[in-house]
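1. here is a sequence with its predicted model. Questions after.
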There are 6 protein chains.
Amino acid sequence: MFKLLSKIDSKMPFATAKAHCDVPCGIYDPITAQIAALTVVRMVDLIVDHNPDGNSMNAEFRNKASRLIANKEEHTEKVKHEIRVIWGDFIKEPHLEEYPQLTSIVHKIMALGSEAKQHVDREKAVELVEAVNEFAEIFWKIKGVETKRAKAPYAPNLELVYPAL
Amino acid sequence: MFKLLSKIDSKMPFATAKAHCDVPCGIYDPITAQIAALTVVRMVDLIVDHNPDGNSMNAEFRNKASRLIANKEEHTEKVKHEIRVIWGDFIKEPHLEEYPQLTSIVHKIMALGSEAKQHVDREKAVELVEAVNEFAEIFWKIKGVETKRAKAPYAPNLELVYPAL
Amino acid sequence: MFKLLSKIDSKMPFATAKAHCDVPCGIYDPITAQIAALTVVRMVDLIVDHNPDGNSMNAEFRNKASRLIANKEEHTEKVKHEIRVIWGDFIKEPHLEEYPQLTSIVHKIMALGSEAKQHVDREKAVELVEAVNEFAEIFWKIKGVETKRAKAPYAPNLELVYPAL
Amino acid sequence: MFKLLSKIDSKMPFATAKAHCDVPCGIYDPITAQIAALTVVRMVDLIVDHNPDGNSMNAEFRNKASRLIANKEEHTEKVKHEIRVIWGDFIKEPHLEEYPQLTSIVHKIMALGSEAKQHVDREKAVELVEAVNEFAEIFWKIKGVETKRAKAPYAPNLELVYPAL
Amino acid sequence: MFKLLSKIDSKMPFATAKAHCDVPCGIYDPITAQIAALTVVRMVDLIVDHNPDGNSMNAEFRNKASRLIANKEEHTEKVKHEIRVIWGDFIKEPHLEEYPQLTSIVHKIMALGSEAKQHVDREKAVELVEAVNEFAEIFWKIKGVETKRAKAPYAPNLELVYPAL
Amino acid sequence: MFKLLSKIDSKMPFATAKAHCDVPCGIYDPITAQIAALTVVRMVDLIVDHNPDGNSMNAEFRNKASRLIANKEEHTEKVKHEIRVIWGDFIKEPHLEEYPQLTSIVHKIMALGSEAKQHVDREKAVELVEAVNEFAEIFWKIKGVETKRAKAPYAPNLELVYPAL
């Protein structure tokens, strides 16, 4: 995908892209969605760890289990909301033409988000992080900002795409 | 009840009712509350179906159980909020005089809503749908719009009151 | 567009579509988004009507102006949120293949929603209603439910797409 | 009204009333609604005070005006929500029979709340405080707790009904 | 602590304190946070009571357990939010100098609030009520209003600090 | 301040700090608060720019003015909420002893946040960004992660503190 992006990149002067967006768009930053997606993975890890044998299913256990699930729900919703806002407000028709894969990435994020809500499935949650990373890479391309990948400085320490500032 | 309503109806010219409401009231439509009440029944059905033997009470099970209960809560609250808004903003003193049963229907919706939150009881949830239907019938009477009953086009496919457009 | 839809329709047995969705999807209904879009038009009308000469710009005036704008914002957000939920949770890959126009309708709803928030522009708000109607038509096609068009029974009385129950 | 209440009171042993409510009802307290209603009056006062001549209608002015109106809206909604919760969850059929004026007080609170949102009208806002006070008096009667009236210890220093602890 | 407070009190004329706050601060009242903290204790009691043997862990049981935990979460968040608002908006630099213990009380409320969310621990929840009471005592001192302690008129009937009106 | 921090740093092995926090704290990241603070500055800039002469104070103008103010309010609240969560949940007693300035930074953020809400004052909004940056620097110190300063890749392009990944 990187190759494709840099090709497209060379055809689309960033100044133009910025000119389309800066006045109406204010501040968009996919990092909020990326952190939320990472939190979904974290919650899955904590839910799976928090699975004692039947004897210890007391009030304390249920309290924690319930909170972890609610937290997973909340952060998955945040991923979906943040991506929808950037996609709907910042991404314009010309961007969709230059990055034809963008819409299917967005739809994949919505579908993976729903699976992340419905299940306790680490693999799917990691796919969600990666889909949001792909979205972030294109976003920063459009803004004309280089990106790098680095491990997030907190568990589950997955790689996130960051602008190379 | 229908008979009673049509008697009242003949005494209360709708033009008058509309004149009281149109400017301040904007757009009120009980369908949002009706769909939410139907969703409560749906959640009860899913919660009851999702009741495996003790061995399968794992994280995946708890995740789904927790989400269904939260969803039931959210939609019951929506029923109560939507009905309160229409009752408080759209319904005026003269309507309460013409439809003296209206207030007890509204209080019944609040009470059934609380039971729907507190329990997993299909019968009560269906009563909630029916009470919201009764409210909708009076609402459309006041607006001077004919209604019909039809099965909703999604499970649990209960009858809803619709304006006959 | 109607023609195109009925062609696609004949190629896609609805039983299959329903089988994909019924268990996970619960109750989806675009009417909530449609009513919200209609409310956006209503708010534009009220904002424009509420535009007195400079002398009457007192506290009472500002109170109403402020509330109408906030109400427009809230209902536009509701349109966007409801459509995102149906698109992300109910619409699956095969539907996107059968209705290739669906994604651009969804993106158009997001973009029109942003314009409806940013401006006081009746024409754009009416386009938003129409885009949500187009979405509703495809939605009901997928569910195998006939639709009709009828004027909504409240101002601004624009045509909405309803299931023909 | 006090006389009427104490008559009813003598007919309705409080132990019974408490028996109906204690387990399901948890903690209800109308003081939250009363403080919110007082805040509505306060906001009206600040909005009216904040009404400079045309020359000073700059960004700073609009910022404050906008925030005061939003704050008024939020606290009026809180009044309505809190009263609806107590009325719908705590108040049962027998209370409605013993205090037949209760429902019309509740409907009056909803209607006054809507006026408080729609206008900048101190008189109506003060009526709202008083209607919520009346509700609080009956509430504490039902709970078997004596009440007193005292000026609230913050502007606008109107009288509130407090339990006499 | 009372002694310390009254000493400080004598050094800080209330008129001054009020002059700092009245115009910007509107209506602040710690009672909302105190009631919310009491509700946290109540929820702990109900959760602990609602702990049947394994055989009765059916849907009805899970529904109630889930709601009690969510309610505990919501009210703990309310405690933290309300205290943050008063601390951040009403409490100014001079108050912090006069009441040097104030900040550590606020931080303790935040920490106890987190424990109240994370566990089902009555002792910690009661400590939370007491910490909020301490905050309320200082708050009313700053406002120049006498306080008293009285048992709240609803279970769990713990002592709250009230202004002596 | 940097000097002070590195001195404290050398006395407090990060492994210890992490041991206190990692299991309960999940994922905390001040970047969300930093972006929100930056957005506050951006909104101030847009509000100030959007200040036409009296003749153009039409509905379109008021719509934009109202939305910018609401947006400023929302993002300032977000700053305050995010900082409160990290301060209350992640920061423990030992951190407060090691970084005695932390609490006054947090209180300053609350106070600056209130001013940012109450006024349209770029200088104060920039101070808010800087206070949140100071908080972020200490946060990352506690986590044992190096930081750097870089201009944010969107207007108003102020310097933010980022972890050096």
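-> The structure has been received and is ready for your questions.

2. pLDDT weak spots in chain A?
-> Counting by pLDDT under 70, chain A contains low-confidence residues at A:1-25, A:52-57.

3. what does it put close to chain F?
-> A:22, A:26-29, A:31-32, A:35, A:38-39, A:42-43, A:46, A:71, A:140, A:143, A:145, A:148, A:150-155, A:162-163, A:165 (Cβ under 8 Å from any Cβ of the partner chain). No exception for glycine: its C-beta is placed from N, CA and C like everyone else's.

4. show me which residues of chain A sit near chain B.
-> Residues of chain A lying near chain B (Cβ under 8 Å from any Cβ): A:47-48, A:50-51, A:54, A:57, A:65-66, A:69-70, A:72-73, A:117-120.

5. take those and keep only those in helices.
-> The helices, defined by DSSP state H, take in A:47, A:48, A:65, A:66, A:69, A:70, A:72, A:73, A:117, A:118 from the residues of chain A next to chain B.

6. out of those residues, who has the most neighbours?
-> Neighbour counts for those peak at residue A:72, which has 26 neighbours (criterion: other Cβ atoms under 10 Å in any protein chain shown).

7. can you pull the contacts of that residue?
-> By Cβ atoms under 8 Å, 6 or more residues apart in numbering or on different chains, residue A:72 lies in contact with A:39, A:40, A:43, A:44, A:47, A:116, A:117, B:63.

8. grab the nearest non-local neighbour of the residue nearest in space to the middle of chain A.
-> Nearest to the geometric centre of chain A sits residue A:132, at 3.0 Å (Cα atoms, centre = their mean). The shortest distance from residue A:132 to any non-neighbouring residue, by Cβ to Cβ, 6 or more residues apart in numbering or on different chains, is to residue A:37 (4.6 Å).

9. tell me which helix or strand the one you found sits in.
-> helix A:31-49 (DSSP states H and E).

10. count the residues that sit near the closest residue to residue A:143 other than its chain neighbours.
-> Spatially, and ignoring its direct neighbours in sequence, residue A:143 is nearest to residue F:153 (6.4 Å; Cβ to Cβ, 6+ apart). Counted by other Cβ under 10 Å, the residues lying close to residue F:153 total 17.

11. how far does stretch A:150-159 sit from the chain's center?
-> What separates the centre of stretch A:150-159 from the centre of its chain is 14 Å, taken as Cα atoms, centre = their mean, to the nearest Å.

12. so residue A:39 touches residue A:77, yeah?
-> No: counting by Cβ atoms under 8 Å, residue A:39 does not reach residue A:77; the two are 11.4 Å apart.

13. residues contacting stretch A:133-140, please?
-> A:1-2, A:5, A:28, A:30-31, A:33-34, A:83, A:86, A:90, A:99, A:101-102, A:105-106, A:109, A:146-147, A:149, A:159-161, A:163, F:153.

14. please repeat the previous calculation with a cut-off of 7 Å.
-> With Cβ atoms under 7 Å, 6 or more residues apart in numbering or on different chains as the test, stretch A:133-140 has contacts from A:1, A:5, A:30, A:34, A:83, A:86, A:99, A:102, A:105-106, A:109, A:147, A:160-161, A:163.

15. if we can go back for a sec, does the residue nearest to residue A:143 belong to a helix, a strand or coil?
-> What DSSP: H, G, I helix; E, B strand; the rest coil gives for residue F:153 is coil.

16. would you mind listing which of the contacts of residue A:72 are buried?
-> A:39, A:40, A:43, A:44, A:47, A:116, A:117, B:63 (16 or more other Cβ atoms under 10 Å in any protein chain shown).

17. tell me the contacts of the nearest residue to residue A:51 once chain neighbours are set aside?
-> Nearest residue to residue A:51, sequence neighbours excluded (Cβ to Cβ, 6+ apart): residue B:59, at 5.6 Å. Counting by Cβ under 7 Å, 6+ apart, residue B:59 touches A:47, A:48, A:51, A:120.

18. distance of residue B:59 from residue A:49?
-> To residue A:49, residue B:59 is 10 Å away according to Cβ to Cβ, to the nearest Å.

19. swap in residue A:106?
-> Residue A:106 is 32 Å from residue A:49, where distance means Cβ to Cβ.

20. more neighbours: the two, which one.
-> Neighbours were counted for residue A:106 and for residue A:49 using other Cβ under 10 Å; residue A:106 has more, 26 against 11.

21. right, and that one touches residue A:87 too?
-> Yes: Residue A:106 is within contact range of residue A:87, at 4.9 Å (criterion: Cβ atoms under 7 Å).

22. may I see the buried residues of stretch A:146-160?
-> Buried residues in stretch A:146-160, counted by 16+ other Cβ under 10 Å: A:147, A:152, A:153, A:154, A:155, A:156, A:158, A:160.

23. ah, wrong one, I meant stretch A:70-82
-> Across stretch A:70-82, burial judged by 16+ other Cβ under 10 Å covers A:70, A:71, A:72, A:73, A:75, A:76, A:78, A:79, A:80, A:81, A:82.

24. tell me the two of those that are most distant?
-> Pairwise distances across the buried residues of stretch A:70-82 peak at 18.7 Å for A:70 and A:82 (criterion: Cβ to Cβ).

25. give me the neighbour count for residue A:165.
-> Going by other Cβ under 10 Å, the residues that sit close to residue A:165 add up to 15.

26. how about it, nearest residue that isn't a chain neighbour?
-> residue F:150 is the one closest to residue A:165 (Cβ to Cβ, 6+ apart), at 3.7 Å.

27. is that neighbour in a bridge, and if so with what?
-> For residue F:150, the beta-bridge partners are residue F:160 (DSSP bridges).

28. tell me which residues touch it, please.
-> For residue F:150, the contact set (Cβ under 7 Å, 6+ apart) comprises A:165, F:159, F:160, F:162.

29. at 10 Å what do you get?
-> The neighbours of residue F:150, taking Cβ atoms under 10 Å, 6 or more residues apart in numbering or on different chains as the test, are A:163, A:164, A:165, F:159, F:160, F:161, F:162, F:164.

30. can you put these in JSON lines and add distance to residue D:124?
-> Converted to JSON lines, the contacts of residue F:150 look like this (distance: Cβ to Cβ, whole Å):
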{"residue": "A:163", "distance to residue D:124": "53"}
{"residue": "A:164", "distance to residue D:124": "58"}
{"residue": "A:165", "distance to residue D:124": "54"}
{"residue": "F:159", "distance to residue D:124": "50"}
{"residue": "F:160", "distance to residue D:124": "47"}
{"residue": "F:161", "distance to residue D:124": "50"}
{"residue": "F:162", "distance to residue D:124": "52"}
{"residue": "F:164", "distance to residue D:124": "58"}
